[in-house]
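[1] following is a predicted model, sequence given first.
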Amino acid sequence: MVLFWMDLLQLALDSGIEGVVRFDITRPYTTKELARITNTSERIVIKSLILFEELSMIHLRTGNIIIKNWLKYQYGDDDMGVEQDAKS
């Protein structure tokens, strides 16, 4: 499930709609499509989505998977500087 979570974050980044997992602007992914592109069984996809929603990690709405606290998962230039400063 951890790997699937990482896949969802990447798909949300690639979707063009910040923090939303969708195939494109006109339609969301189906669970079968998510299983195929993440190399995960559809059963695990469904269980993961249910768990992630129960844990308030995502919100499922009209087929869209919305990553909650999307900005928390993003790294900016400032974040990298903080890590480098801490190592110095």
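    Sure thing, it's come through.
[2] hey, let's count contacts and neighbours off CA atoms from now on
    Noted.
[3] contacting residues around Ser41?
    Ala35 (C-alpha atoms under 8 Å, 6 or more residues apart in numbering).
[4] next, give phi and psi for it.
    Ser41 adopts backbone torsions of phi -70, psi 150, taken as degrees, to the nearest 10.
[5] over to Asn39?
    Main-chain torsions, Asn39, degrees, to the nearest 10: phi 60, psi 50.
[6] Gln10 versus that one, what's the distance?
    Distance, Asn39 to Gln10, by C-alpha to C-alpha, to the nearest Å: 14 Å.
[7] over to Glu42?
    Taken as C-alpha to C-alpha, the span from Glu42 to Gln10 is 18 Å.
[8] more neighbours: which of the two?
    More neighbours surround Glu42 than the other of Glu42 and Gln10, with 17 against 13 (other C-alpha atoms under 10 Å).
[9] ok, which stretches of the chain are strands?
    20-21, 58-61, 64-67 (DSSP state E).
[10] can you list those strands in JSON lines and add mean pLDDT?
    Output for the strands of the chain, formatted as JSON lines (pLDDT from 0 to 100):
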{"stretch": "strand 20-21", "mean pLDDT": "95"}
{"stretch": "strand 58-61", "mean pLDDT": "94"}
{"stretch": "strand 64-67", "mean pLDDT": "95"}
